[in-house]
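S.K.: What follows is a predicted structure for the sequence shown.
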Amino acid sequence: MPEHPSDIQEEARWQELAVMHLGGEAGDAQQRELVALLRDRPDRQDRYVMICLQARLLAARLAGVLQEGLAEDWWPRQAMRDLLALELKSEAKPVDLTARLDAEQSAEALRLTPVEDASRGEGRRVIVIPWALVYAGFAAAAALVFALAWFALPGPGQTHLPNTHAEAVSPKPESPFTEDQPHPPLIPVVATVTELYEPAWAEAQGKAFARPALGDEVREQDVLALTSGLVELTTRRGAVVVIEGPCEVVLTGDNGVSLPRGTLSAHCPPEAVGFVVQTPTGRIVDLGTEFVVNVDEAGRTETLVNLGSVAVGNGGSTPLTLTSGQSAAIDANTRLVALQDLSRSNLNQRSPQDRLELRRVGIRQASEKLHLTDPPDRAPNHTVADRERVLLIAERQGVLLNDPLEVTTTATGRLTDIEGSSGWLEAQVPMDSYLIHASVSPEDPMRNFAVSISFDRPILGVAATVPHLDGTDAAFGNQQTVYTPNNLDRHLEFGDVLEITHDRRTLRLWINVGTAMDQLRVFVGSER
Amino acid sequence: MEQFAVIRAILNDRDRLFAYIWSILGNVHQAEDVLQEVTIVAIEKCNEIENESAVRAWLRTVARLKSMEAIRASRRQPAAMDAAVLDQIGRAWQRLDGQKTSDLVDALQACVNELSPKARKIVKLRYVDAMKSGEIAELLERKVATVYQALTRAHRALAECVRRRTGLANA
């Protein structure tokens, strides 16, 4: 260690420069200074790489420990860990969970922590059981240890610290317990519920299912079982997972889940690369991507990559690397095959992520052929041709008209005479609007589409003729979209049929799309 | 090496590999991009990796090349770390190879809880919330220099604690 005052100064300086460098805050001169101070100094280089590794581990692996309110659970957790190790040591036979589980999977999925038992000589390993499994058996002991630990052991705020830490922030008093906390904080938090639509939680049948609410934290080994509805989870590593009932998912860590049955969508940003989905027949490892996994009742696993790539393995043959648009299946006999045709697959339907995006814009359900797309810069026209799908664009929300506005229909029931129909939207009623667009290339033959769309709020009207569409562009069109008035191709015409159901929640369309594009705007009551 | 074995090696070692790239680039976002590129190269060229013992060095070589490409692409001229220093830093990473990441994580977890609440908060703001020093200073109504000093001291205290717990000489 440096002893001369100038050495001490230099030592502090390069470390400060290292901190700046890692924060992306070092200018060229400071970077050169750092390099000069590190050059030919293996002792500093060793400490520099340790600072870098520390910084990464703090960001990626210890976020939970650093979170306010969680940090104080470490001492009790360690005490609990020690207690369990002692309990196990006192047993005649150590608990050998690894005999029941594939070694690699168990260690990763259940986070078994081998602890060397010094008191019994070399080679013997005591397995500290995963918290979820021992929780019930040790609940009383845990509470006791937790309470004792809190009072007897120094909490983070009480820990003796070097004097050098005496500055910076003033401490704020924090309670170790909150009354509404569902668990004692023995099991690490691995995810948070970030969105949730009408979840119907499965009844527990001998299993302890979690029933988190919006914003709740989900802990390792929590089981979420939905019979219907959508739940979005964001893991501590940043992976966004959407599950849709019927589905069962187990949180196996801060970057992985187990999926015994059902469908999930996952979006993994760079910090969550390596996100793992373990299914009864295989394992999907993310390599920076968006993908969907379905597990049916027989255990067949199907994976479809929307973006990026994933590795799919069955534990036996060489894993497949799937890239954007590719899919694979692992059947109940763990045979791994690439899927060429999704039409007979369980993935031939909207993904949970797609459904979540529809719910976000107030759409309860929509035909598979309806494709929700971002608002364009220019109103869609013939150049936006899609012979397989009808485009759906969520437009302005919470519009309040000062005066009534004429549209094509406000009535429920089936409408065939579109060009001869009219109705009036009421003033001072908040409304959201949606544009529906269908067109095919001129060289394509005429296409017929039959689609339906159900909204969370009542349908108040539809504009489906050129004057009605033009007349509602200004009030309801997206502000960033340029609309072209007097486009005579832009309407429903003779032969097209629309229907607003009597509960005003569903719009059904039967449209023929040929040389003219079909377009209509739907007005729905708004919450805003 | 088999593709899956390479993927597993990357996943097991991703934090160390990321930190290596970060140590060169000093930019967390660029480091994320480079890590992805390295992963793709490793998957594509897994046959070039002889065995498990060679994979870490192979990945670091690719990571170094990709990091230098990223520096050139971002027009940061000249690259602050020349080849000689990169070689030396590379050897420092090699010296750390004997230490298991899981042991370091365990030690660091315990050491974080030995930090003062103040230091822990600054570390959290910096590394979990990814805040810049200026933002932290503004939030805590401190000078930027004080934030740098506090972070430096926190790292020093953590390194000392990790060394004590793991017996690692270079911590």
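M.R.: Right, received. Where do you want to start?

S.K.: Could you pull up the residues touching residue A:55?
M.R.: When contacts are counted by C-beta atoms under 8 Å, 6 or more residues apart in numbering or on different chains, residue A:55 is found next to A:22, B:19, B:22, B:127, B:155. (C-beta placed from N, C-alpha, C; glycine too.)

S.K.: And it, what's its pLDDT?
M.R.: Listed pLDDT for residue A:55 reads 93.

S.K.: what about it, which helix or strand?
M.R.: Taking DSSP states H and E as the criterion, residue A:55 maps to helix A:42-60.

S.K.: Which two of the contacts of residue A:55 have the greatest separation?
M.R.: B:22 and B:155 (14.0 Å; C-beta to C-beta).

S.K.: isn't there a helix covering residue A:315?
M.R.: No. The assignment for residue A:315 is coil, going by DSSP: H, G, I helix; E, B strand; the rest coil, so no helix is present there.

S.K.: any idea which helix or strand comes after the helix holding residue A:55?
M.R.: The C-terminal neighbour of helix A:42-60 among helices and strands, as given by DSSP H and E, is helix A:63-66.

S.K.: I'd say residue B:150 and residue B:120 touch.
M.R.: No. Assessed by C-beta atoms under 8 Å, residue B:150 is found out of contact with residue B:120, at 10.6 Å.

S.K.: and the two? which has more neighbours close in?
M.R.: Using other C-beta atoms under 10 Å in any protein chain shown as the criterion, residue B:150 and residue B:120 rank with residue B:150 on top: 28 against 24.

S.K.: got a pLDDT number for the more buried one?
M.R.: 89.

S.K.: any idea how far chain A is from it?
M.R.: The spacing between residue B:150 and chain A, counted by C-beta to the nearest C-beta, to the nearest Å, is 5 Å.

S.K.: Same check on residue B:100?
M.R.: 12 Å.

S.K.: quick one: low-confidence ranges for chain B?
M.R.: Along chain B, the parts satisfying pLDDT under 70 run over B:75-79, B:168-171.

S.K.: got it, and the stretch 101-250 of chain A?
M.R.: A:101-186, A:204-207.

S.K.: do chain A as well
M.R.: The model of chain A has pLDDT under 70 over residues A:1-6, A:67-186, A:204-207, A:317, A:381-385, A:528.

S.K.: And the residue nearest to the spatial centre of chain A, how far from residue A:219?
M.R.: For chain A, the residue nearest the mean C-alpha position is residue A:240 (1.8 Å; C-alpha atoms, centre = their mean). Relative to residue A:219, residue A:240 is positioned 18 Å away (C-beta to C-beta, to the nearest Å).

S.K.: burial of the residue in the stretch 151-300 of chain A that chain B sits nearest to, as a residue count?
M.R.: In the stretch 151-300 of chain A, the residue that lies nearest chain B is residue A:270 (3.7 Å; C-beta to the nearest C-beta). For residue A:270, the neighbour count with other C-beta under 10 Å is 17.

S.K.: That one: what's it in contact with?
M.R.: Counted by C-beta under 8 Å, 6+ apart, residue A:270 has contacts A:288, B:32, B:33, B:35, B:36.

S.K.: Can you report how many residues neighbour residue A:339?
M.R.: Residue A:339: 16 surrounding residues under other C-beta under 10 Å.

S.K.: How about residue A:31: what's its closest non-neighbour residue?
M.R.: Excluding its sequence neighbours, the residue lying closest to residue A:31 (C-beta to C-beta, 6 or more residues apart in numbering or on different chains) is residue B:80, at 3.5 Å.

S.K.: which stretch of helix or strand covers the one you found?
M.R.: Assigned by DSSP H and E, residue B:80 falls within no helix or strand.

S.K.: try residue A:307
M.R.: strand A:301-313.

S.K.: same thing with residue B:89?
M.R.: Following DSSP H and E, one finds residue B:89 within helix B:83-96.

S.K.: Specify the next element, helix or strand, located C-terminal of that helix.
M.R.: Per DSSP H and E, the helix or strand that comes after helix B:83-96 is helix B:101-112.
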